[in-house]
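Undergrad: Take this sequence and fold it.
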Amino acid sequence: MTRPLRIGNASGFYGDRFDAVRDMLTDGPLDVLTGDYLAELTMLILGRSRLKDPKRGYASTFLRQLEENLGLAHERGVKIVANAGGLNPAGLADAVRELADRTGVPVRVAHVEGDGRPVPDGFLTANAYLGGGGVAACLRAGADIVVTGRVTDAALVTGPAAAHFGWRPDDHDALAGAVVAGHVLECGTQATGGNYAFFGDHDVRRPGFPLAEIHEDGSSVITKHDGTGGVVDLGTVTAQLLYETGGARYAGPDVTARLDTVTLTQDGTDRVRISGVRGEAPPPTLKVGLNRLGGWRNEVVFVLTGLDIEAKARLVRDQFADALDRAGTKPAEVRWELVRTDRADAATEETASALLRLVVRDPDAEAVGRAVSGAAVELALGSYPGFHVTAPPGKGAPYGVFEAAYVPAEDVAHVAVLPDGSREVIPVAGPYRELDEVPEPDLPEPLPAGPTRTAPLGYVAGARSGDKGGDANVGVWVRTDDAWRWLAHELTVRRFQELLPETAGLIVVRHVLPRLRALNFVVHGLLGEGVAAQARFDPQAKAVGEWLRSRHVTVPVQLLDEPEVNA
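TA: Below is the predicted model of the structure:
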């Protein structure tokens, strides 16, 4: 039997902890180190970078990290796989070779390309989400460093695992297990206590980055290097499993993983075993991410202090509307939001103040520029008492729009450019299976009637939320069987929308995952045109789950008395 493969991650996004690469290489043994640098917003940023310089379009941070750590990785025999190539993986591969020559480190560099699609008129980028086949081919050919463009986040793990264990495209269960492990690793320290609902239970001041010990059958153990901060337990892994997912079928270009088959087991301190994952043939289409500039936006935040907050807000709005009317310029979208951060009889000026946020958007830069900033500035001496703003009004900035499309997998040329420069075309993963909904599982027996009291949902349940284009997902889980018996019946779609009124007019779909004692809600359209459009206060829905946990519900007293809940 082939020995397990130790794969670590050192980046969950473009801008993550710079020294994580060195930490992961020095804090313990690894076979492969991955880095996830791409997100929907990142592709837009790289697209704008490429407009300024066609030789760019990749995550330059990765190259700077290699400058410090290429020799260390070579000495320790750790292969590096990263999607930092962005829109220009060939350019990044050349830059890595130049770095290796300059530093005298004899590494073999390969890259994966083919994700770039014809860019429609009006768009900046168009990239298909590739699987791990190209990464596997590069590693089989002896690559030490593999850089890719837009692959799925999990492909950074499925590729090395397939190369190591010799999996075939139809080894669906093994591939699905690697996809699940890859999904847990992809956001870095979110698997080791970062952004965790029950953060007070552990020391998460500087969580270490996660790694997976992947076995030949696709099962894995999620852990971290000994002595590093944070925690790996059933809760942290469950939270990350629910992050930015939808129903029980988690589709990708390599395989469709069945999240309703995942079994998690605590396997010792900071060790969680993932087993039982079943896989199915992938769908016949690949997702294509499209980014375009949607227009221009500007923002002004007025500070309202002390008494008469509502009246002060009305005065600003009326004055601003009058100023725009006089200027003959009004942005296509004008949004006001009064955030009541103020307190009565406050001991400090800051805690006596509320924030009135103005956001304007328009296809024309002029409509959100001087007309808006000028109107805000000219109010300075003629508006409400105590007038000031959090920052000087600017001239506005462009915002982006993300859209998803789908193309037949056969139409996408997935190519591995090997260390010797030869090109290997990666065959499609077919035969395929069309996606359909999994039948709704049976719910557990409800808890018997008993005494209740009103309490925040978060006293019993954890949550994690995130974005996928214009949609948001909110995963909610509990830690005991009795709590699951209550949650599964209490938190219906209707109750969810009552607790989160912003979702009331939107389509909300609930997915039930009994093995994880979890519910996953997908809220369609909550984020408008996606994170780059910045359509709402929390544009990536990062805190929607915490908002939900803060809402008060009627909870059985026996759940509130459970020691684990109160710990």
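
Undergrad: wait, isn't P160 in contact with I7?
TA: Yes: at 6.0 Å, P160 counts as touching I7 under the criterion of C-beta atoms under 8 Å. Bear in mind the C-beta positions are built from the backbone N, C-alpha and C, glycine included.

Undergrad: tell me, what's touching those two both at once?
TA: Common neighbours of P160 and I7, using C-beta atoms under 8 Å, 6 or more residues apart in numbering, are 31-32, 34.

Undergrad: Select from those residues the one having the most neighbours.
TA: T34 (29 neighbours; other C-beta atoms under 10 Å).

Undergrad: Please report how far the closest residue to T341 other than its chain neighbours lies from G122.
TA: Nearest residue to T341, sequence neighbours excluded (C-beta to C-beta, 6 or more residues apart in numbering): A354, at 5.5 Å. To G122, A354 is 40 Å away according to C-beta to C-beta, to the nearest Å.

Undergrad: Of these two, which one has the most company?
TA: A354 (19 against 10).

Undergrad: a strand runs through N298, doesn't it?
TA: Yes: remark: N298 belongs to a strand, assigned using DSSP: H, G, I helix; E, B strand; the rest coil.

Undergrad: so what pLDDT did it get?
TA: Per-residue pLDDT puts N298 at 94.

Undergrad: cool, P563 as well?
TA: Reading off the model, P563 has pLDDT 44.

Undergrad: and D254, backbone torsions?
TA: Torsion angles at D254 (phi, psi; degrees, to the nearest 10) stand at phi -90, psi -40.

Undergrad: Run a quick neighbour tally on it.
TA: Neighbour count of D254, defined by other C-beta under 10 Å: 31.

Undergrad: Check the one 5 residues further on too.
TA: Per other C-beta under 10 Å, the neighbour tally for L259 reads 27.

Undergrad: ok, now D19?
TA: So D19, with other C-beta under 10 Å, has 12 neighbours.

Undergrad: show me what contacts V105?
TA: By C-beta under 8 Å, 6+ apart, the contact list for V105 reads 70-71, 74.

Undergrad: Just the buried subset of the residues you listed, please.
TA: 70, 74 (16 or more other C-beta atoms under 10 Å).

Undergrad: Could you save the contacts of V105 as TSV and add columns showing distance to L447?
TA: Converted to TSV, the contacts of V105 look like this (distance: C-beta to C-beta, whole Å):
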residue	distance to L447
L70	57
G71	59
H74	57
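
Undergrad: and which of the contacts of V105 is nearest V204?
TA: Checking those against V204 with C-beta to C-beta, the nearest one is L70 at 30.5 Å.

Undergrad: The closest one contacts R97, doesn't it?
TA: No: shown here, L70 and R97 do not form a contact pair, counting by C-beta under 8 Å, at 11.0 Å.

Undergrad: Could you list the low-pLDDT ranges of the stretch 451-567 of the chain?
TA: 562-567 (pLDDT under 70).

Undergrad: repeat for the stretch 1-150 of the chain
TA: Using pLDDT under 70, nothing in the stretch 1-150 of the chain is flagged.

Undergrad: How about the stretch 201-350 of the chain?
TA: The stretch 201-350 of the chain contains no residues with pLDDT under 70.

Undergrad: Which stretches in it count as helices?
TA: 234-242, 309-327 (DSSP state H, counting those that start in this stretch).

Undergrad: Among the ones you listed, show me which one is buried the most.
TA: Greatest average neighbour count among the helices of the stretch 201-350 of the chain goes to helix 234-242 (a mean of 25), per mean count of other C-beta atoms under 10 Å.

Undergrad: Distance check, the residue lying closest to G229 once chain neighbours are set aside against D36.
TA: Ranked by C-beta to C-beta, 6+ apart and with sequence neighbours excluded, the top spatial neighbour of G229 is R206, at 4.4 Å. R206 sits 20 Å away from D36, going by C-beta to C-beta.

Undergrad: The two: which is more packed in?
TA: Taking neighbours as other C-beta under 10 Å, R206 and D36 compare with D36 leading, 29 against 13.

Undergrad: residues in contact with the more buried one?
TA: 9, 11-13, 82-83, 153, 156, 186-188 are the contacts of D36 under C-beta under 8 Å, 6+ apart.

Undergrad: From those, pick the one nearest D364.
TA: D364 lies nearest to F13 out of the contacts of D36, by C-beta to C-beta, at 31.7 Å.

Undergrad: excluding its backbone neighbours, what's nearest the closest one?
TA: Spatial nearest neighbour of F13, excluding adjacent residues (C-beta to C-beta, 6+ apart): A39 at 5.9 Å.

Undergrad: what's the answer for W547, then?
TA: L500 is the one closest to W547 (C-beta to C-beta, 6+ apart), at 6.6 Å.

Undergrad: Next, count neighbours for that neighbour.
TA: Neighbour count for L500, taken as other C-beta under 10 Å: 20.

Undergrad: I'd assumed E546 was in contact with it.
TA: No: when contacts are counted by C-beta under 8 Å, L500 is not listed as touching E546 (11.4 Å).

Undergrad: State the distance from Q190 to D23.
TA: Counting by C-beta to C-beta, the gap from Q190 to D23 is 16 Å.

Undergrad: let me redo that: A472
TA: A472 sits at a distance of 32 Å from D23 (criterion: C-beta to C-beta).

Undergrad: and what of R76?
TA: Applying C-beta to C-beta to R76 and D23 gives a distance of 13 Å.

Undergrad: Settle it for me: which of those two has more neighbours?
TA: With neighbours defined as other C-beta under 10 Å, R76 and D23 compare such that D23 has more, 18 against 14.

Undergrad: That one: which element?
TA: Following DSSP states H and E, one finds D23 within helix 20-26.

Undergrad: Could I get the buried residue list for that helix?
TA: Under the neighbour-count criterion of 16+ other C-beta under 10 Å, helix 20-26 has 20-21, 23-25 buried.

Undergrad: what about P89, neighbour count?
TA: What P89 shows, counting by other C-beta under 10 Å, is a neighbour count of 29.

Undergrad: Please pick out the residue of the chain most distant from its centre.
TA: Ranked by distance from the centre of the chain (C-alpha atoms, centre = their mean), the top residue is G382, with 44.1 Å.

Undergrad: Contact partners for that one?
TA: G382 touches Q319, counting by C-beta under 8 Å, 6+ apart.

Undergrad: returning to that earlier point: which single one of the contacts of D36 is nearest to H202?
TA: G188 (16.5 Å).

Undergrad: Tally up the residues packed near that closest one, please.
TA: Look at G188: counted by other C-beta under 10 Å, it has 24 neighbours.

Undergrad: Would you confirm that it contacts L211?
TA: No: counting by C-beta under 8 Å, G188 stays clear of L211, with 10.9 Å between them.

Undergrad: between those two, what contacts are shared?
TA: Common neighbours of G188 and L211 (C-beta under 8 Å, 6+ apart) are N9.

Undergrad: Show the contacting residues for F209.
TA: 8-10, 17, 20, 23-24, 188-189, 192, 224, 228.

Undergrad: any chance of those residues in JSON lines, plus distance to A126?
TA: Converted to JSON lines, these look like this (distance: C-beta to C-beta, whole Å):
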{"residue": "G8", "distance to A126": "31"}
{"residue": "N9", "distance to A126": "27"}
{"residue": "A10", "distance to A126": "28"}
{"residue": "R17", "distance to A126": "31"}
{"residue": "A20", "distance to A126": "30"}
{"residue": "D23", "distance to A126": "35"}
{"residue": "M24", "distance to A126": "33"}
{"residue": "G188", "distance to A126": "27"}
{"residue": "T189", "distance to A126": "31"}
{"residue": "T192", "distance to A126": "34"}
{"residue": "K224", "distance to A126": "37"}
{"residue": "T228", "distance to A126": "39"}
